[in-house]
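[1] the sequence and its predicted three-dimensional model are supplied below.
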Amino acid sequence: MLLLNKIITSKLQEISELAHQKQFFDTAIDKEQFPMAIFKFPNINEVEYRNDLILEIDIWNGATANKVIQLEQLTDEIDKKLNRLKYIDDDMQVTIYRLSPYRLNITDEDETIKRRQLRYICKTYFTPSE
């Protein structure tokens, strides 16, 4: 799982609007850091050779008109980086696809915040250890 976290974090760090963000995995939101994106895997099942993981990415920004446009653009950019992403090395192979519905408009309790969520399926294959 650590390698998958690193792969997704590196893709998110390539996006200029998120370059300031230090932590992407399962962390608390900070309005001072907006826009920001946080990802999590709500269904981790440790299996030996193959696993399909759900990846959820929450993206937050302010609620003003310009901030909402920036949020939508950022959400599009994250999707372009991750949808159909393939990674292969000696230990693992991962392919990421959109999960239907893949783009959700989530109402936040704080009316000064707008939130989107992207959902993907990560098909992971592991090389058996000898």
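    Sure thing, it's come through.
[2] for the most centrally placed residue in the chain, phi and psi?
    The residue lying closest to the centre of the chain (CA atoms, centre = their mean) is I57, at 3.5 Å. Per-residue torsions, I57: phi -120, psi 120 (degrees, to the nearest 10).
[3] hmm, P101 and R116 touching each other?
    No: counting by CB atoms under 8 Å, P101 is not a contact partner of R116; they are 11.9 Å apart. All C-beta spots, glycine's among them, are computed from the backbone N, C-alpha and C.
[4] which of these two has more neighbours?
    Using other CB atoms under 10 Å as the criterion, R116 and P101 rank with R116 on top: 22 against 8.
[5] if I look at the more buried one, how far off is E72?
    Separation of R116 from E72 (CB to CB, to the nearest Å) stands at 8 Å.
[6] hey, what's in contact with both of those two?
    Shared contacts of R116 and E72, defined by CB atoms under 8 Å, 6 or more residues apart in numbering, are absent.
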